[in-house]
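In: can you look at this prediction? I've put the sequence above it.
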Amino acid sequence: MTAVTIYSSMMCPFCHRAKALLKSKGAAFREIDVTFKPSARKDMIQKTGGRTSVPQIWIDDVYIGGSDELAALDRAGKLDSLLK
């Protein structure tokens, strides 16, 4: 089964958009909310090579990026194959 991880925060509309897209595809995901967790945010920043914005998304071991990159994969018809 595909492992999807998304770092997010509570009030982030881009996070809500990315999660809605994943849900519409039937993808289960592990959400790590960094809102009140500085250590989780620090871990995210380290894993992304310095990106501080949310969401940050991985599908299995493939770093996708943020909400825009996830949506671009979907528009290009590549997201479904990554989620299988």
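Out: Nice, I can see it.
In: all strands of this structure, in order?
Out: Ranges of strands within the chain are 4-8, 30-33, 56-59, 62-65, based on DSSP state E.
In: which residues sit against the second one?
Out: Read it as strand 30-33. 3-10, 19, 40, 44 (C-beta atoms under 8 Å, 6 or more residues apart in numbering). All C-beta spots, glycine's among them, are computed from the backbone N, C-alpha and C.
In: so which residue is smack in the middle of the protein?
Out: Ile57 (2.4 Å; C-alpha atoms, centre = their mean).
In: need the contact list for it.
Out: 4-7, 18, 63-67, 69-70.
In: try it again with 7 Å
Out: The contact partners of Ile57, by C-beta atoms under 7 Å, 6 or more residues apart in numbering, come to 6, 18, 64-66, 70.
In: what about Pro55, how many residues nearby?
Out: By other C-beta atoms under 10 Å, 28 other residues sit near Pro55.
In: that one touches Gly66, doesn't it?
Out: Yes - assessed by C-beta atoms under 7 Å, Pro55 is found in contact with Gly66 at 5.6 Å.
In: between these two, which contacts overlap?
Out: The contact sets of Pro55 and Gly66 overlap at Phe14 (C-beta under 7 Å, 6+ apart).
In: about what we covered before: any chance of the strands of the chain in JSON lines, with distance to Ser24 and mean pLDDT too?
Out: Compiled in JSON lines, the strands of the chain are given as follows (distance: least, C-beta to C-beta, whole Å; pLDDT from 0 to 100):
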{"stretch": "strand 4-8", "distance to Ser24": "13", "mean pLDDT": "98"}
{"stretch": "strand 30-33", "distance to Ser24": "16", "mean pLDDT": "98"}
{"stretch": "strand 56-59", "distance to Ser24": "15", "mean pLDDT": "98"}
{"stretch": "strand 62-65", "distance to Ser24": "16", "mean pLDDT": "97"}
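In: I'd like to know which of the contacts of strand 30-33 is nearest to Gly77.
Out: Within the contacts of strand 30-33, the smallest distance to Gly77 is 18.1 Å, found for Val4 (C-beta to C-beta).
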